[in-house]
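1. Okay, sequence plus prediction incoming.
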Amino acid sequence: ESFAASEFIDKEISRQHTTANGYPALDCRYKDKNGGVYLVRFIIQGPHYYTLVAHGKQEMPVMKNFLNSFSVRSLVYPSPTLRTDTALYYTVNTPVFPVSEKEKLDIPRGNLYQDDEDDDNDMEAGMFRSKVVRNDTTGERIFVNFFKSPRYAYLEDSTVMDKESSTSIFGDTNWIVRKKIKTELPNKMKVWETVMSDTGSSRILWSKVFYKDGIGFSLITESDTLSAPSAFVKSFFDSFRPADTLRGNDMFAKKAKLFFEDFMSSDSLVHKRAVKGLYVIKFDSTDIPDLKKAIASTGWAEKNYLDTKKTLIRKMSSIPANNATNYLKELYQAAGDTLELQYTVLGTLIKQKTSYAYKTLRDIIVAEPPVLNVNTRNWKTIIYTYDDRSGANNILNGLDDSLRLTRTIMTDILPLINLDDYKYPIMTLLGQMVDSGLVKPDDYKTYFSKFLLEAKQELKKQVIVEKQKAIYKAEQEKKGKTQNYMSYQDEAEEDGGNDNLELYATLLIPYWNDPQVPVLLNQMLSSSDKRLKYSTLTSLIRAGKPYPDTMLNYFAGLDEYRYELYEDLSDMDKLSAFPAKANQQLLLAHSKLLMESRYGKPDSLLFVDKLKAEVKGREGWIYFFKYKSRKDDAGWKLAASGLVPLDPAKFEWKDNDEVDSSADEEEDAYRSKYDFTSFSNVRIKEDEPLLPQLQKELKRMLYSKRKSARSFYDRSGAMEDDISISADEADN
């Protein structure tokens, strides 16, 4: 890629994958801008790359002879000497080792659980340290790490080390195991040595893992299948010995007894260590008596009293036993007016996720509902925020994670809807259960008249707001401020929707037989707020209620809603209702791109071409567009939408469509590995052919989805940069 993009190269004449003395190689011919010829051979040997270049006015046999004369020789090192690493606690015979005054850890020393400087050497809190031992002359590197598990760490599966050490590299199991040896040192420390490779590659990863009683070391280096290990690598792996002075704790033994002994200790340092270990300790039902003693012993004299007590209480969430639930109820009653402890108890009951815990929660909040320390006007915050420290507490947070359990107490907690603090949290839970079919109209018919009256009042407010917006917009136009100069925030608020009305619609639609409900919903469909109209329409479609056909055509005809409607109908399995006139790949690709506009729609977005691409077993189209963010932008930039199926009658694949089973499931957590829809900062060169520029961008997009190339080709995090491409970069 880099060589072909050089300014002196005119074009690539040929390329051929081959081997050179068994090593993977690529032979290329290039023509330079002066008419000369370059013969270039690229060779891969483990972590090393070799580039051989022969240049002449014309191709001559001597040029090929030069390429063929190349051979890889063994690396020569001095004799190894005994070295000791005091930071990572090992000794090794090696010809390469960091000079002491230059020794530097690649990852800062310390552990995840420290917060005080005087604990820098507290290995009981757990520790991870690593460094790379390297030879800058040869390029060989060995990654070394040391870890010590926290004092209270516990793993139930005692075979996990065997599984991890023999089948994966850093948790990645997509490797071919070429060699696997398990041994044991005289001090009973277990050793796993593994050599792994990947498909279509001559490279290998050689690893060696040591483990005993929560203390572990690992070595890993890159090599290849053809060359013998160098004296540096072989000596390092063969002679590596962990220090025998280290003492650890068996990770596969329960630590509850040890924790409680430390927590109840009169030694303040030991007690402090236990408090810090709260985040890793695991309890079960047999630990309830000791856990109760620990909670009872935590008083105001304790540093960070509330945080410590709340953390101990939350440990009950992993113990779904009735006696644990009963104790949580006792704690709630004993908390008095200490809201933070009350919220913690109720949140823990919800996380226990048992019928008994939910009924206990019901009994508590129905008898004497605790105050919710939140701004009730912002009901979205009430539903989704749970933060003791910020004060935005909501004891009902989490009930939507198990709606079937919530259904068992919903009838009893519905009266809380009459309290301002609880109104929208309860209504939202009710709406979720209506959507999921867990609640029927008869279950909340007592509140129908209330919801209808409140919805009518909310709609009146909406109409007033819309009129105010219309007046403001007209005044702005009189002043010469057109829509083009409206801020993105103003534009978003113009059609911002109404979450309250959307919720009322969900709750009222099941009472469709009441003549007032269709009238109200039709009034909402007549709103000038597009988002409110759209949410009302989709609510009616989802519930199978009648709606004006013209509304589907209306939203399918709007660029900013077309793809959203397509997606929503597809999710409802009602895609057949999508208007045929709008069911065109180009129109949908254009609309999907507009949904990607996080900071406002571009001023101009024009289709330029589509290119075929294949990604992990799927073949389809990438639609390319050019856009300007503002009308006065100096030039155009590229945007893309896809991958779109080759079948013109389809725009997206179903989840069960056949794909390559080897597809990487960890690819792009925030984006599908088949989705290339985005606006880029790649500028179009107007004085050069467009097609090569599109091909270059397509190559970058495809490579950006590969793990090995992502860091070089993924520009999703560099949208502020001005990136230009040229024609002579396109043909590499």
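-> Arrived safely.

2. Show me where the stretch 551-700 of the chain has its strands.
-> 604-615, 618-628, 637-645, 678-683 (DSSP state E, counting those that start in this stretch).

3. export those to CSV and tack on distance to Thr18, mean neighbour count and mean pLDDT?
-> All C-beta spots, glycine's among them, are computed from the backbone N, C-alpha and C. Shown next, in CSV, are these (distance: least, C-beta to C-beta, whole Å; neighbours: other C-beta atoms under 10 Å; pLDDT from 0 to 100):
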stretch, distance to Thr18, mean neighbour count, mean pLDDT
strand 604-615, 24, 16, 93
strand 618-628, 28, 20, 94
strand 637-645, 32, 24, 92
strand 678-683, 33, 18, 90
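
4. and of these, who's closest to Ala228?
-> strand 604-615 (38.5 Å; C-beta to C-beta).

5. Quick one: list the elements packing against the helix or strand containing Tyr332.
-> Applying DSSP states H and E as the criterion places Tyr332 in helix 322-335. Using 3 or more C-beta pairs under 8 Å, 6 or more residues apart in numbering; DSSP states H and E as the contact test, the elements touching helix 322-335 are helix 288-297, helix 339-352, helix 355-367.

6. Redo these as TSV? Include mean pLDDT.
-> Converted to TSV, the helices and strands packed on helix 322-335 look like this (pLDDT from 0 to 100):
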stretch	mean pLDDT
helix 288-297	94
helix 339-352	90
helix 355-367	93
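
7. So which of those is the most surrounded?
-> helix 339-352 (a mean of 22; mean count of other C-beta atoms under 10 Å).

8. Now do that helix and helix 322-335, the angle between them.
-> 160 degrees (axes from the mean of the first three to the mean of the last three C-alpha atoms, to 10 degrees).

9. residues making contact with helix 339-352?
-> 306, 309-310, 313-314, 316-317, 319-320, 324-325, 328-329, 331-332, 335, 357-358, 360-361, 364-365, 370-371, 373, 386, 388, 393, 395-399, 401 (C-beta atoms under 8 Å, 6 or more residues apart in numbering).

10. Quick one: the helices in the stretch 351-500 of the chain, in order.
-> 355-367, 379-384, 403-413, 423-435, 448-478, 488-494, 499-508 (DSSP state H, counting those that start in this stretch).

11. hang on, the earlier thing: of the contacts of helix 339-352, buried ones?
-> 306, 309-310, 313, 316-317, 319, 324-325, 328-329, 331-332, 335, 357-358, 360-361, 364-365, 370, 386, 388, 393, 395-399 (16 or more other C-beta atoms under 10 Å).

12. List the contacts of Pro510.
-> If you count contacts by C-beta under 8 Å, 6+ apart, then Pro510 has Val434, Lys440, Pro441, Ala543 around it.

13. Show me which pair in those residues is furthest apart.
-> Spatial extent of those (C-beta to C-beta) is set by the pair Lys440 and Ala543 at 13.2 Å.

14. what's the average pLDDT for the helix holding Tyr332?
-> The pLDDT scores in helix 322-335 average 93.

15. CA-only coordinates of it in CSV, if you can.
-> The C-alpha trace of helix 322-335 is given here as CSV (Å, rounded to 0.1, in the frame of the first residue of the first chain):
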residue,chain,number,x,y,z
ASN,A,322,-35.9,-15.7,51.6
ASN,A,323,-33.9,-15.2,54.8
ALA,A,324,-31.8,-12.6,52.9
THR,A,325,-35.0,-10.9,51.7
ASN,A,326,-36.4,-10.8,55.3
TYR,A,327,-33.2,-9.3,56.6
LEU,A,328,-33.3,-6.6,53.9
LYS,A,329,-36.8,-5.7,55.1
GLU,A,330,-35.5,-5.4,58.6
LEU,A,331,-32.7,-3.1,57.4
TYR,A,332,-35.2,-0.9,55.6
GLN,A,333,-37.3,-0.5,58.7
ALA,A,334,-34.2,0.2,60.8
ALA,A,335,-32.9,2.8,58.3
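
16. Can you give the distance from it to the centre of its chain?
-> 37 Å (C-alpha atoms, centre = their mean, to the nearest Å).

17. Give me the contact list for it.
-> 285, 288, 292, 295, 313, 316, 341-342, 345-346, 348-349, 352, 354, 356-357, 360, 363-364.

18. Could you check the angle that helix makes with helix 355-367?
-> Going by the same axes, to 10 degrees, helix 322-335 makes 20 degrees with helix 355-367.

19. now the angle from helix 322-335 to helix 288-297?
-> Going by the same axes, to 10 degrees, helix 322-335 makes 10 degrees with helix 288-297.

20. which intervals of the stretch 51-200 of the chain have sub-threshold pLDDT?
-> 100-122, 158, 160-173 (pLDDT under 70).

21. And what about Thr138, helix, strand or coil?
-> coil (DSSP: H, G, I helix; E, B strand; the rest coil).

22. Return the residues in contact with the closest residue to it other than its chain neighbours.
-> Excluding the flanking residues, the one nearest Thr138 by C-beta to C-beta, 6 or more residues apart in numbering is Leu75, at 5.1 Å. Counting by C-beta under 8 Å, 6+ apart, Leu75 makes contact with Thr138, Glu140, Ser230, Ala231, Phe232.

23. how near is Leu75 to Ala228?
-> 10 Å (C-beta to C-beta, to the nearest Å).

24. again, but for Ile319
-> 56 Å.

25. Also Ser268?
-> Taking C-beta to C-beta, one finds Ser268 at 57 Å from Ala228.

26. Distance to Asp27 added to the strands of the stretch 551-700 of the chain, as TSV?
-> Supplementary listing: the strands of the stretch 551-700 of the chain in TSV, determined by distance: least, C-beta to C-beta, whole Å:
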stretch	distance to Asp27
strand 604-615	25
strand 618-628	29
strand 637-645	32
strand 678-683	31
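
27. Among those, which comes closest to Ala20?
-> Comparing the strands of the stretch 551-700 of the chain by C-beta to C-beta, strand 604-615 comes nearest, at 29.3 Å.

28. show me what contacts the residue nearest to Lys631 when sequence neighbours are not counted?
-> Leaving out its chain neighbours, the residue that sits closest to Lys631 by C-beta to C-beta, 6+ apart is Asp603, at 4.8 Å. By C-beta under 8 Å, 6+ apart, the contact list for Asp603 reads Asn484, Tyr627, Lys628, Ser629, Arg630, Lys631, Asp633.
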